[in-house]
Structure formats: C-alpha cells, structure tokens
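Asks: Fold the following.
(one chain, ligands or ions: 2)
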Amino acid sequence: MKIVIDNAIPYIRGAAELLGECVYLSGSEISASDVKDADALIIRTRTHCDKALLEGSSVKFIATATIGYDHLDTAYLDEVGIGWTNCPGCNAASVAQYVESAMLQLSTEGVISLADCTVGVVGVGHVGSLVAARLSALGCSVLKNDPPRQEREGGYFVSLADIQQAADIITFHTPLTTTGPHPTHHLASNAFMRGLKKRPLIINTSRGEVVDTTALKTAISEGLIRQAVIDTWENEPHIDRELLAKVCIGTPHIAGYSADGKANGTRMALQAVAKFFGIEKEFDIQPPELPEGTITASDPVERKLQFYNPLRDSEALKKNPTLFEQLRSNYPLRREYIPMINQ
Ligand SMILES: NC(=O)C1=CN([C@@H]2O[C@H](COP(=O)(O)OP(=O)(O)OC[C@H]3O[C@@H](n4cnc5c(N)ncnc54)[C@H](O)[C@@H]3O)[C@@H](O)[C@H]2O)C=CC1
Ligand SMILES: O=C(O)C(=O)[C@H](O)COP(=O)(O)O
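Replies: Ligands and ions are numbered 1, 2, ... in the order given. Below is the predicted model:
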C-alpha cells in the first residue's frame, strides 16, 4: 500500500510505515501526479481534495488529521466512492484552551470583565461544548446557539438574535458550510454586526469565512463591537493586514495546535486508515512532555496563562504577517492545562 502524507503532520513518521510505503510531501503542494498511484492520503487543511486532484487516481481513502473538513469535496468523494474521515474532537480541548486563555488575558488587561459576563457560543459541538463548560466554570452565563442541534434535540438553545441582544462576548465554533438549511458562510455579516446590542468581543476560531472580514473591520472602526480575537481568516495565508492591525489578538490559525491535539489527530488518522484497509495495528502516539521548569505558577489563572497565552502567537504574527504559514509550520511545543494536584 502507498500512502501520501502531509510532511507537517507531527509524530507520524515511523508509525505510518507500519501501514505501507509512505511518501511525505508539503500539504499545499500535493498534486494529481503525486497521488495518481496512491491508495490513501493522510492530510491536513492545506490539501484540497477534489476532482482536480483525484480523478483517475487509485486513492481509496483519505484521512484528514483535523476536525474541519471543508477542504474535502465530500460530495465528489461520495459520488466516486472514495472513503474519507476527519478526526472529530481531536483538538477541541486545544481550541477551548485558546478561547479560555484569550478571555483570561483580556480580563487581566481590563478589555473584558468576567464578572456578570454573558457569552454567546455559536455552534455547540465538540469545541463549543467544551468552551461553554469552561466559561461556565469561570462564572460566565452561557447562551448556546446551534440550529441543527436544536432541530434534532430541542433543548436549551437560543436564537442568534437572542445572542446579538444579550451577549458581551460571542465565540464562533461552527463548521464552514455554504449549503444546507443553516449555511455558516458569512454568518457574522454586516447585518449581524448592526444587530449587536452590547458592543461584544467577537472571537473566531472556526473558519475565516464564517465572519465577513469587511463587516468585522467596519464594526471595529464604528465601535459596534468592543474588540476581536481572530485565529482563522478569510483567504489564509494571505490575510487582511488591516484586520490584523485592528484586532487585539490575531493568531495564525493555531488554536488547535496543542501537542495533545496534534497527537490525537495523528493517532486517529492512522487508526482510520488501518481500519479502512482491514489492517490490525494500534498506534500509541503521545505528545512530548514540556521541559521541566516550564510551568512554575501555582495560582490557577497564572498557571493557565503559563501553559498557553495567545498573546505570544499574536505578537509574532503582528510583527511578521507574511510568515503566517511559517509560524504554523514551526509551532513551539504547547501542552494542554494540567491543574496542580490538590487544586
Ligand atoms: N482554529 C483551529 O485551529 C480549529 C478550528 N476548528 C473549526 O471549528 C469547527 C467546529 O469544530 P467542532 O466543534 O469539533 O465541530 P462539530 O461538528 O463537533 O460541531 C459543530 C457544531 O456547529 C453546529 N452548527 C452547524 N451549522 C450551524 C449554524 N449555522 N449555526 C450554529 N451552529 C451550527 C453543528 O450543529 C455542530 O453542533 C470545525 O469545523 C473547524 O472548522 C476546529 C479545530 C481547530
Ligand atoms: O482541526 C482543524 O479543523 C483545524 O483547523 C486545525 O487545527 C488546522 O490544522 P492544520 O491543517 O494546520 O494541521
């Protein structure tokens, strides 16, 4: 079996070879000729899997070691019978860490107050549910909006209009969709911004296209919103520099980049390929430990910010916006929060 693998997927070398012959290539450069005689692809968000890439190839299965899969043309894959999977929830805790740390940092700066704070969570799946639980634990009131889940399950969901009315902070955790009953492309539109009542902080860690860039820039300039925290951008890696200059935290699509989340994605992708081809193998992929002495704080807030503070990533991107993709490729080791024993 031949597997073409994105060469920026961590912890995969040595393990993937248990499945067959592996060819490692830059994700954004994987071409039709590279995949022509491949049986499987293990990719990230940087490889668009569509007819142009796959027609006439021998690819039978694609695993993306990510949660989002808007880079897969799933209609085409289903039509031609190429199996595929994403890795649901693999880095959800990492994104939740990003959102919580951004809020803790901004509350220490006085940009937001966590006391009497109402947060609107838009999209309450793997990521949104964790975010909601963490923000509730910080003492925030949480409003949840998820029309697809509301239709399936009923329950305590509110409308987007309720969130526009009541939220001090609005955080987006939907997939990017352009079709279906609840498309999310430009969900945060100009009309959405104009309907906001409490000058909220807007956080987008979903996909750039969920928020209309022009509308967001205007909303910041006109004071319709307090500020914005943006991890995902329209047209990555060629992001809007004007927006980057305006936002209080702007990071290069790394909310999900904890080593824990990456290890989960790699393990799940390998296991999915093995299962699809009926190969009985287990993959014990674990993230590396932080060097001793990295985490010294005992105060829970300080400790959380020592584990991860998105300001570091924001400063690096603001200093060098053209390095968007390099900052992602050379991302430093980041681990998810481990509380002190007895806390
Ligand atoms: N910035 C980053 O590094 C990362 C970004 N992501 C993004 O976050 C997204 C969400 O991830 P998960 O929570 O794991 O996905 P999920 O599929 O578990 O949950 C998404 C939720 O959004 C809901 N939804 C769909 N359309 C909606 C709409 N119009 N309005 C409100 N809710 C809607 C769905 O019903 C579902 O409950 C991913 O699709 C991906 O695009 C995921 C991981 C890392
Ligand atoms: O999992 C997702 O969805 C994401 O957005 C990832 O964190 C992006 O990961 P890469 O494609 O950059 O590995």
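Asks: Next up, phi/psi of Glu100, please.
Replies: The phi/psi pair for Glu100 (degrees, to the nearest 10) reads phi -60, psi -40.
Asks: Check which helix or strand the closest residue to it other than its chain neighbours maps to.
Replies: Spatial nearest neighbour of Glu100, excluding adjacent residues (Cβ to Cβ, 6 or more residues apart in numbering): Arg134 at 4.7 Å. All C-beta spots, glycine's among them, are computed from the backbone N, C-alpha and C. Taking DSSP states H and E as the definition, one finds Arg134 inside helix 126-137.
Asks: right, is that helix up against ligand 2?
Replies: No. Contact of helix 126-137 with ligand 2 (Cβ under 6 Å from any ligand atom) is absent, the minimum separation being 9.0 Å.
Asks: next structured bit after that helix?
Replies: Next element after helix 126-137 (DSSP H and E): strand 141-145.
Asks: now the residue nearest to Glu100: how far from Gly20?
Replies: Remark: distance between Arg134 and Gly20 (Cβ to Cβ, to the nearest Å) = 40 Å.
Asks: Pick out whichever of the two has more residues nearby.
Replies: Set side by side, Arg134 and Gly20 show more neighbours around Arg134, with 20 against 15, by other Cβ atoms under 10 Å.
Asks: And the helices in the chain?
Replies: Ranges of helices in the chain, per DSSP state H, are 32-35, 51-54, 74-80, 92-108, 126-137, 147-153, 160-166, 190-194, 213-221, 241-246, 259-276, 300-307, 310-319, 324-329.
Asks: I'd like a version of the ones you listed in a markdown table, one that adds mean pLDDT as further columns.
Replies: Listed next are the helices of the chain as a markdown table, based on pLDDT from 0 to 100:
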| stretch | mean pLDDT |
| --- | --- |
| helix 32-35 | 98 |
| helix 51-54 | 98 |
| helix 74-80 | 98 |
| helix 92-108 | 98 |
| helix 126-137 | 97 |
| helix 147-153 | 97 |
| helix 160-166 | 98 |
| helix 190-194 | 98 |
| helix 213-221 | 98 |
| helix 241-246 | 98 |
| helix 259-276 | 98 |
| helix 300-307 | 95 |
| helix 310-319 | 98 |
| helix 324-329 | 97 |
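Asks: Pipe these into a markdown table and attach distance to Thr184 per row.
Replies: Output for the helices of the chain, formatted as a markdown table (distance: least, Cβ to Cβ, whole Å):
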| stretch | distance to Thr184 |
| --- | --- |
| helix 32-35 | 29 |
| helix 51-54 | 24 |
| helix 74-80 | 15 |
| helix 92-108 | 16 |
| helix 126-137 | 12 |
| helix 147-153 | 10 |
| helix 160-166 | 11 |
| helix 190-194 | 12 |
| helix 213-221 | 14 |
| helix 241-246 | 19 |
| helix 259-276 | 22 |
| helix 300-307 | 29 |
| helix 310-319 | 23 |
| helix 324-329 | 22 |
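Asks: which non-adjacent residue is nearest the one residue in the stretch 101-250 of the chain that gets nearest to ligand 2?
Replies: Relative to ligand 2, the nearest point of the stretch 101-250 of the chain is Thr232 (7.0 Å; Cβ to the nearest ligand atom). Nearest non-adjacent residue to Thr232, counting by Cβ to Cβ, 6+ apart: Gly208, 4.6 Å away.
Asks: Contact partners for the closest residue in space to Ile12 that isn't next to it in sequence?
Replies: Spatial nearest neighbour of Ile12, chain neighbours left out: Thr266 (5.0 Å); criterion: Cβ to Cβ, 6+ apart. Counting by Cβ atoms under 8 Å, 6 or more residues apart in numbering, Thr266 touches Ile9, Pro10, Tyr11, Ile12, Ala15, Ala65, Phe283, Ile285.
Asks: can you pull the contacts of the residue in the chain that ligand 1 sits nearest to?
Replies: Of all residues in the chain, the one sitting closest to ligand 1 is Gly125 (1.7 Å; Cβ to the nearest ligand atom). Going by Cβ under 8 Å, 6+ apart, Gly125 touches Asp146, Arg149, His173.
Asks: which of those has the most neighbours?
Replies: Ranked by neighbours (other Cβ under 10 Å), the contacts of Gly125 are led by His173, which has 27 neighbours.
Asks: got a list of what that residue touches?
Replies: Contacts of His173 by Cβ under 8 Å, 6+ apart are Val95, Val121, Val122, Gly123, Val124, Gly125, Val127, Gly128, Val131, Thr205, Ser206.
Asks: residues from the stretch 1-150 of the chain in reach of ligand 2?
Replies: Residues of the stretch 1-150 of the chain lying near ligand 2 (Cβ under 6 Å from any ligand atom): Arg44, Thr45, Arg46, Thr66, Ile67, Gly68, Asn91.
Asks: wait, which of the residues you listed is closest to Phe192?
Replies: Gly68 (21.3 Å; Cβ to Cβ).
Asks: Now for the closest one: which residues touch it?
Replies: When contacts are taken as Cβ under 8 Å, 6+ apart, Gly68 is in contact with Thr45, Asn86, Pro175, Leu176, Ser206, Arg207.
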